[in-house]
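**Q** kindly return the folded structure for what I paste below:
(chains A and B)
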Amino acid sequence: MKMRRFMALAMATVMGASLLTACGGGSGSGSGSETTTTAAATTAAETTAAAASGETEAAETEAAAAEKSIEPTTITFWHGMNNKQEQSLTELTDKFNAENEYGITVELVNQGSYSDLQTKLMANAAADTLPDIAQAYNNYFTDYVDKVVALDDFVANDYPDWDDILESYRTENSEYGKITGVPFNKSTYLFFYNKTMFDELGLEAPKTWEDLEHIGEVILAEKGLAAIGYDSMCDMLEAALRQHGEQYVDASGALFNTAGGLETLEFIMNLYNSGYARLVGEDNYFSDSLSNGMIGGYVGSSTGVSYISTDIEGKEFELGVCPVVGDKTNAAYNAGTNIVMFAKDENNQKAAWEYMKFMTSKESTIKWAMDTGYLPIRTSAYESDEYQEFMAGDITAQAAYEQAPYGFVSKASFTGSNEIRNVVSTTLNELITEKADAQTALDTLIAEINDVLQ
Amino acid sequence: MKSTKPSAIIADIVKYVILIAGALFTLLPFVWMVLSSLKSANEIVQIPPTMIPKKFMFSNYAEAWAEAPFPRYFLNTVFIATVTTVGVLLTSILSAFAFSRLDFPGKKIIFSLFMATLMIPGEMLLITNFITITKLKWIDTYKAMIVPWLANVFYTYLLTQFFSSVPEALYLAAKVDKCSDLKFLFKIMVPMNKNAITTVAILSFIGSWNSFLWPLLVTNSTNMRVLSHGLVRFQSEAGTKYQLVMAASCILVVPIIIVYLFLRKYILEGMSYTGVKG
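**A** Have a look, this model is predicted:
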């Protein structure tokens, strides 16, 4: 893993050198007025959405005009989906290829895991040979955002129900001041817990920070176990800060050198220093620990549920799933990529847009969610009879639906955002191992983050 | 003459106990891989782990096999590793000979330049090499996976050192007998340094066999991918299906064992010569 990180860094350096112009232009304008850009973008997106739904007729006429001019073509789609996700993606794509009226063929290209995909995209951005579309997190293309096709016009003219897409996803895709993608495979962090153990000890699913501390205290006293774990430490920190009404990081540096920031670190460090929470260590994910009754519960990705075994001989338990806790407010970390367009050819752009519309349609997102355990990206999909029925039998989907309004994504549109993720995780691990106090933890984290951005 | 003194017998016992323990330790990961490949998804994450699977899940093999076109990956990997190894041997032997025996202007400077390239981390070259390959329109071809690795400065350096230690008198004697340089190289120099050359061959083959990032970068179609790409297909953002990884690894190791049985003698010689572990 360390090697990978080094390589990403090394490549970022080379990219920086070889793409001097791109870097200068792209990140310069992005980091200059961070908050205003995002705010403006959000409003812009909402306005266009409103315009689109208000003037549906006009949009349809224009869309019809655009539709006629698509020549048959082949679109390349780079993705990082494996196993059943890839299977479902292939089914949807086959359907699109068979049914679209323009002779568009979408060719799926598996590029390994997310980090492999990220590396490949970076190299191809440097060589200027990016695919037509690709799955991507926003922090993949911070250094080459100018190569991402702005979708604002497509959304305004040829996407009748943009505001049906959950707001957090629309905000995320407008972060760079233009619409950079459409949401695709979305997941969220949930609290998975051993319900059998909780019932036995008279514990309820936690809703607040205090609940979490209480659960930690009881389980440590009665079972001698840690009750809480977090698969991703940097996401945990940002979520906790937001829950406490604080801000995390932007291009100018760490934003939580405040009284509230200290309170947040006090809460976090207390969980660990008291033994209520523990680090994941070499396991990488807590699903195995939960399966073996070695932890009370943990916060992890909703897609990780398939890795939890509830029926290991002698350790059978009932699984509980609930939204992550809130404090002053609710905040839950969203994960998952968007589909981003790089196509240069105008015809390919139009063709790719047809596919992106298809993949984010109500029908597609419902099928995708039910096949893979990812979340629907549309309100109408959540509310459909089909998905409601599916959700009734799926506690993970229920919990995800419950916290959908509180979803957020880390800001990625400034240089260094990717590195900060690694630095914060490493630093938190060290601080917890050293049993640091809250003030030391706060000071160290802020120094480390600002160090990256210097 | 073997002594039968009690102290010698005890020394022998101790020696063999240590050797057997060492052998078991070495074998354990392999046995563990085979046993793990037969466990259920539940059992493989069980803590404490079980040694023998409660139920033998032979279906893991079918499932792993179906996940990727392994036969194709296997052929690609063998082809690329073989051609790369043959090529790198040829260039390394020829250049090592030139650096160790021939005199030509600028020899020292060129050799120093070669050595200087060793100081550049491979990761820094990745993007530039990739751009070159793109410009040549070699993406998604075997060439892209083979040609950049046909010359290796480290192997050249290694062989140069070995070739230099062959007495100059042999070369001069051959010259007196009107032996050409090439003939001397392949009739005398190469056979004399068989072990060093075998080592280079093994290192190159293993390196090529295990490479992951470069083949991934320069290929896009499933047909051009290699074995290491097949193995990561059992990992996802939220976990890894270890039983399938193990099953796939077991399948992949079979051809290697067959090759090893045939080439055992050479591999052992090469290994013991440099202390390189597999």
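**Q** near chain A, which residues of chain B show up?
**A** B:41-43, B:45-47, B:54, B:67, B:121, B:123-124, B:126-128, B:130-131, B:134-135, B:139, B:213, B:216-217, B:220-222, B:229, B:232-239, B:241 (CB under 8 Å from any CB of the partner chain). To be clear about C-beta, it is placed using only N, CA and C from the backbone, and glycine gets the same treatment.
**Q** at 7 Å instead, please
**A** B:41-42, B:45-47, B:121, B:123-124, B:126-127, B:130-131, B:134, B:213, B:216-217, B:220, B:229, B:232-233, B:235-239 (CB under 7 Å from any CB of the partner chain).
**Q** tell me how far residue A:219 lies from residue A:305.
**A** Distance, residue A:219 to residue A:305, using CB to CB, to the nearest Å: 21 Å.
**Q** the two: which is more packed in?
**A** For the pair residue A:219 and residue A:305, the greater number of neighbours falls to residue A:219 (25 against 22), based on other CB atoms under 10 Å in any protein chain shown.
**Q** can you show me the CA trace of the helix or strand hosting the more buried one as CSV?
**A** Assigned by DSSP states H and E, residue A:219 belongs to helix A:209-223. C-alpha atoms of helix A:209-223 as CSV (Å, rounded to 0.1, in the frame of the first residue of the first chain):
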residue,chain,number,x,y,z
TRP,A,209,-22.6,11.1,20.6
GLU,A,210,-23.7,10.4,24.1
ASP,A,211,-25.4,7.2,23.0
LEU,A,212,-22.2,6.1,21.5
GLU,A,213,-20.2,6.8,24.6
HIS,A,214,-22.8,5.0,26.7
ILE,A,215,-22.6,1.9,24.4
GLY,A,216,-18.9,2.0,24.6
GLU,A,217,-18.9,2.1,28.4
VAL,A,218,-21.4,-0.7,28.8
ILE,A,219,-19.8,-3.1,26.3
LEU,A,220,-16.3,-2.5,27.7
ALA,A,221,-17.6,-3.2,31.2
GLU,A,222,-19.7,-6.2,30.4
LYS,A,223,-17.9,-7.9,27.6
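**Q** where does the prediction get shaky in the chain?
**A** Here I'm looking at chain A. Along chain A, segments meeting pLDDT under 70 span A:1-68.
**Q** oops, I was thinking of chain B
**A** In chain B, residues with pLDDT under 70: B:1-3, B:267, B:269-278.
**Q** domains in chain A, by residue range?
**A** Segmentation of chain A into domains, based on automatic domain parsing, reads A:2-185+A:337-394, A:188-333+A:412-453.
**Q** which residues are in contact with residue A:135?
**A** Residue A:135 makes contact with A:78-80, A:117, A:184, A:337, A:339, according to CB atoms under 7 Å, 6 or more residues apart in numbering or on different chains.
**Q** got the CA coordinates for the helix or strand where residue B:113 lies in CSV?
**A** Residue B:113 is located in helix B:107-117, with elements delineated by DSSP H and E. Taking Å, rounded to 0.1, in the frame of the first residue of the first chain, the C-alpha atoms of helix B:107-117 are listed here in CSV:
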residue,chain,number,x,y,z
LYS,B,107,33.5,3.4,-22.8
LYS,B,108,33.9,4.7,-19.3
ILE,B,109,31.5,7.6,-19.9
ILE,B,110,28.9,5.4,-21.5
PHE,B,111,29.1,2.9,-18.6
SER,B,112,28.8,5.7,-16.1
LEU,B,113,25.7,7.1,-17.9
PHE,B,114,24.2,3.6,-17.8
MET,B,115,24.9,3.4,-14.1
ALA,B,116,23.4,6.9,-13.5
THR,B,117,20.1,5.7,-14.9
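**Q** now do the next helix or strand after that helix and helix B:107-117, the angle between them.
**A** With elements assigned by DSSP H and E, the helix or strand that comes after helix B:107-117 is helix B:122-135. Here the directions of helix B:122-135 and helix B:107-117 differ by 100 degrees (axes from the mean of the first three to the mean of the last three CA atoms, to 10 degrees).
**Q** after helix B:122-135 comes which helix or strand?
**A** Counting by DSSP H and E, what follows helix B:122-135 is helix B:142-146.
**Q** so how far is that next one from its chain's centroid?
**A** In terms of CA atoms, centre = their mean, to the nearest Å, the centre of helix B:142-146 is found 17 Å from the chain centre.
**Q** and the strands in chain A, which stretches?
**A** A:73-79, A:104-110, A:133-136, A:181-194, A:249-250, A:253-254, A:297-301, A:319-322, A:332-341, A:407-408 (DSSP state E).
**Q** can you list those in TSV and add distance to residue A:149?
**A** Listed next are the strands of chain A as TSV, based on distance: least, CB to CB, whole Å:
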stretch	distance to residue A:149
strand A:73-79	13
strand A:104-110	16
strand A:133-136	9
strand A:181-194	9
strand A:249-250	25
strand A:253-254	31
strand A:297-301	29
strand A:319-322	38
strand A:332-341	4
strand A:407-408	25
